[in-house]
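**Student:** Here is a sequence together with a model predicted from it:
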Amino acid sequence: MAQPLTPQPYLSQNSPIPSNNSAALWHFNSTSRASGSGANTPTGNTYLMPTSPAKHAAVMKEGSKPKISKTTGQKPACLVNASVTYCGNDQIYAFGGFDQFTDEVYNHVLRLNLKTLNWALVDNYGDIPGVRMGHSASLYEGDKLLVYGGENEHREYLSDVVILNLKDHHWTQPDVQGPIPKGRARHAAVVYEDKLFVIGGLTGEANYILDDICYLDLKTWTWSKTWSFVQRFDHSAWIWGGRLWVLGGLGADMERPSEICWLDLKGSPALSGSGRQYSTVGRIPSSRHDPWLHPSRADRIDTYTANSGSVHIRSTRREKPTAPGAISTLKFVSGPHVPLQSSGTHFHVCSSGALLDFITPSSTIRHIECNLSSLELDSLRWQRLVEGPELFQPGHKWHYCTINEDGTKVWLLGSPGDDTTGANQELQLSEVLAVDLKRYGLLGNLDATLSEQNRILASERQTTHAVGGVASGLGFDLATIFDQATETGSMSDFTITANNTEDDDDTISEADSQLRFSTNTTSSQVFVSENSPVSQPIYVHKMILQARWPHFKRLYASKMLEYQTSRLHIPEPYSVVRAFLYYLYTDSIAPHPEFCRDLTDVAGMLVMANLYDMPKLRLLCVNRLSREIDIEHAAVIWERAGRTEEDWLKARAARFCMMNWGRIVRTEGFRSLSRTSLMELCEVVGMEGRVVDGDEMEEGEAGNMLGAPGGRYRRRSHRTSGEAEETEADDEDGMDMN
C-alpha cells in the first residue's frame, strides 16, 4: 500500500496553514518525489489524500486478552441461582440466590459499580419480596427490574411479580389479573413489546419440567393464557427478528438438547403487540453446571437439594393448546464449530443478530478447551470466534454472565481457583472479566430506534444488490447517481482517482509516474490513458463526502485554494476506493457485482477505515470478513488484518489458512502477498510442525498437522478446484430440520 506522502505543501497566499491534526491537500509539481519512498507522486493538479491517526490500533495493542479485574467492597457470598443483571449506567444488580455452603436463601440487593469495581449492599424499601432463588430478573424501561417467580426457603414455587425501581430502590407489587401461571423456578424470562414472556422451568413437589409459555402484559398487568411450547429448565431465551428463541438447558430426560427452538411472535395477534422493542436474553444459571455445587452436597437427600441437578426430575405435558404462531426446531447433529452443550459451563447472550455461546471452564473442561462461538440467527450457522486461551486465563471459574443494552460488552463474574472439593469456603463473586465484543467484529444493537431486523446487522445480511433485488432508503436513492458524470445530470461536483492497479505494490515505477492526463477546466473531467498508474475518475458529490466522511469534512473546512479544482487522488486500488465511496452513499458493504465485488475489496476498505479512523466501517468490515472468510481470500484477509493491527481477525484468518493450507497456497490471494508476508504466514506453523498429505493423514495424527496444538483437521483427498467447491458443504455443521 502506498504510504502517505509528506513533502512541504505549496500553499496559496490566502490559504490557512493546517494544524498537525487537520487534513490538507498537498500540491506537487511534475518533478517532486516522496522523500525516501522511491516513488514518484501523481502530478499535474493531482492531490493526495493524507490519513488520520489510526486510533483503534493503539486500543488493540493494550492487550489481546480480556482483562480480569478484582472487585472490592461487600462481595456477594457463594450465591447459587441468584439473578445478575446489567441495568445501565455501568451498574450490575445481583438479587436473591442461596449460599452453597450454608443453604441460606437471600433477598439481598447488591450493586456492582463497573467503574469503581465496588460491590455495595443496597438499602431497599417498600414491599420487599421474600427470599428466593431460581427466579428471573428483567430490565424494563431502563429503570425497573422485574422479578418473577423462583423458589423460597420452604421449597415453595412462586408466581409473584415484584418490581424494583432502580432510581429510589423502592419495591412495589402490582395488582395482576388473568390466569396466574404455575409457580416455577429456573425458568427463562424476556421482555418484548411491553410483555414479560415466561418460558418453561421447574414446578411442584416432584419437580415437574414445564413446557409452557405465557406472558404478562406490562401495560394492563394481565396474564395471558398458557400455551405449550418447549420443555426445558436452566435454558436461555431471547428475542430477535420478531421471534422468541430458546437454546440450552435440560430437557425431559435430563439430557442437554442441542436443538434451538423459535416461535414467531409477529404471526399471531395473541402474541404480537405494539410498543418499544427489546432485544434481551433471559437466563437462569444452572447449578448443575455451576462449579460451586459440590457433588457430595448435591447428592445428599437429607439437606436442601432443590437446586441440585441430580434431584429426581419428572416431566409433565398437560393438555394445553400449542402456542399460536409458527414453531420451528433445528437440531445441530455435528460440526467442527458446533459447541457441545454437555461440556463446560455455557452462558448465552445475543448481539449483532447472533447468539454468542461462552463455553467457560468447569470441573469437566479446561480453559484451553473452551471457546466463544456464535450462531448467526439469519443463516443458522455456527462459527468459532475465539479460542479458550485467547479469552480465559487458567485458574478461574465464571458463574454469571450479563450484557449491556447496546450488545457491545459482556461481563463474566466469578472467582479464582480450581477448587471443586468444597474445601474453599471463601468463594465469592470477587472478579470480573470484561469482554469487548467490538474487538471480535460484533456491532451490537446499532440503533435502538429501528426495528429489530434493521438494527442488528440485518440490513447488511438481508440486502441484495443483484438484479431484481429490493433496495430502498435515501442512501440507495443517492447511489443511483453515484459515479455518474456531470453531463448525465447527476450533478456530481467532485472527482476522485485511485491507483489503476489491483496489485499491492508500495511503489510505482518512475516511467509510469509520468501521468498522462489533461484537465478540462470547464467540466473538471480528467482523461487518463490506458497505461496510466492513475485510475479513471470517480464522480461523486461534495455534500455526501462532507456528511459521511469526517476526514473529508476536516479537509473541506481547510478552505485551501487548490481545493477549488475539485479533484483528489487516493493511493489505494481503484476497486477498493470505489467500494469505499459507494459505502459513503449507501452505508452498506453488502456484496455488489460492480461496487463491492468480493472480500478483497472489503479487506481493502478495512485498511481505509483504519487509515481514516472510521470505527463503524471497521466493524462492518471485520464482521463480514470473519463471517465469510473463504479459501480464495483467507491469505489476503490475514495480511490486511495484520496491516491494520486487527489481532483477533488475523489470528482467525491464520487458523483458517492452517486448516486449509493445501488449497490456500494455490490461490491468487496467497500469490499476491509480498515475500515478507509470505514468510510471516509460513512462520505461523509451529517449530515442530509438519505438513501431512491428505491421503497419508490418519485420524490420530490430525492434531499434529501443521503444528496446531490440540487442533482437529478433517481428512482431505486430492480434488480439483471444482470438486473442492462442491465438497465444501460437507464440512459445514450438520443440521437436521424438523
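**Tutor:** Alright, I've got the coordinates. This one's a predicted model, so the numbers in the text were calculated from it and none came from an experiment. Residues are numbered from 1 along each chain as shown.
**Student:** Going by C-alpha atoms from here, please, whenever you check contacts or count neighbours.
**Tutor:** OK.
**Student:** all strands for the stretch 101-250 of the chain, in order.
**Tutor:** Listed in chain order, the strands of the stretch 101-250 of the chain (DSSP state E, counting those that start in this stretch) span 109-113, 118-121, 125-126, 136-140, 144-151, 157-165, 170-172, 188-191, 195-203, 208-217, 222-223, 227-228, 236-240, 243-247.
**Student:** Dump these into CSV; add distance to Val622, mean neighbour count and mean pLDDT as well.
**Tutor:** Below are the strands of the stretch 101-250 of the chain laid out as CSV (distance: least, CA to CA, whole Å; neighbours: other CA atoms under 10 Å; pLDDT from 0 to 100):
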stretch, distance to Val622, mean neighbour count, mean pLDDT
strand 109-113, 31, 20, 96
strand 118-121, 34, 18, 95
strand 125-126, 47, 12, 93
strand 136-140, 31, 25, 95
strand 144-151, 35, 24, 96
strand 157-165, 39, 21, 96
strand 170-172, 44, 17, 96
strand 188-191, 30, 29, 96
strand 195-203, 34, 26, 95
strand 208-217, 38, 24, 94
strand 222-223, 44, 18, 95
strand 227-228, 41, 20, 94
strand 236-240, 22, 26, 93
strand 243-247, 26, 22, 94
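**Student:** So which of the ones you listed is nearest Thr495?
**Tutor:** Checking the strands of the stretch 101-250 of the chain against Thr495 by CA to CA gives strand 236-240 as the closest, at 42.2 Å.
**Student:** re earlier: could I get the strands of the stretch 101-250 of the chain as a markdown table with distance to Asp436?
**Tutor:** Shown next, in a markdown table, are these (distance: least, CA to CA, whole Å):
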| stretch | distance to Asp436 |
| --- | --- |
| strand 109-113 | 17 |
| strand 118-121 | 20 |
| strand 125-126 | 35 |
| strand 136-140 | 21 |
| strand 144-151 | 25 |
| strand 157-165 | 28 |
| strand 170-172 | 32 |
| strand 188-191 | 23 |
| strand 195-203 | 28 |
| strand 208-217 | 33 |
| strand 222-223 | 38 |
| strand 227-228 | 37 |
| strand 236-240 | 20 |
| strand 243-247 | 23 |
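**Student:** so which of the ones you listed gets nearest Lys320?
**Tutor:** With CA to CA as the criterion, Lys320 lies closest to strand 227-228 of the strands of the stretch 101-250 of the chain, at 6.0 Å.
**Student:** Show me what that closest one is packed against.
**Tutor:** Packing partners of strand 227-228 (3 or more CA pairs under 8 Å, 6 or more residues apart in numbering; DSSP states H and E): strand 208-217.
**Student:** thinking again about what came up before, and the strands of the stretch 101-250 of the chain: which comes nearest Leu412?
**Tutor:** Among the strands of the stretch 101-250 of the chain, the nearest to Leu412 by CA to CA is strand 109-113 (12.5 Å).
**Student:** in the stretch 401-550 of the chain, which ranges drop under the pLDDT threshold?
**Tutor:** Scanning the stretch 401-550 of the chain for pLDDT under 70 picks out the ranges 418-427, 446-477, 501-532.
**Student:** if you set the cut-off to 80 instead, what comes out?
**Tutor:** Applying pLDDT under 80 to the stretch 401-550 of the chain flags the ranges 417-428, 443-481, 486-490, 501-532.
**Student:** Show me where it has its helices.
**Tutor:** 452-453, 459-462, 474-479, 542-548, 550-557 (DSSP state H, counting those that start in this stretch).
**Student:** Test my guess that Met605 contacts Phe580.
**Tutor:** Yes: in terms of CA atoms under 8 Å, Met605 counts as a neighbour of Phe580; the distance is 6.0 Å.
**Student:** So the two - more neighbours on which side?
**Tutor:** Met605 (29 against 24; other CA atoms under 10 Å).
**Student:** re the thing from before, of all the strands of the stretch 101-250 of the chain, which one is nearest Ala641?
**Tutor:** Comparing the strands of the stretch 101-250 of the chain against Ala641 with CA to CA, the closest turns out to be strand 236-240 (30.2 Å).
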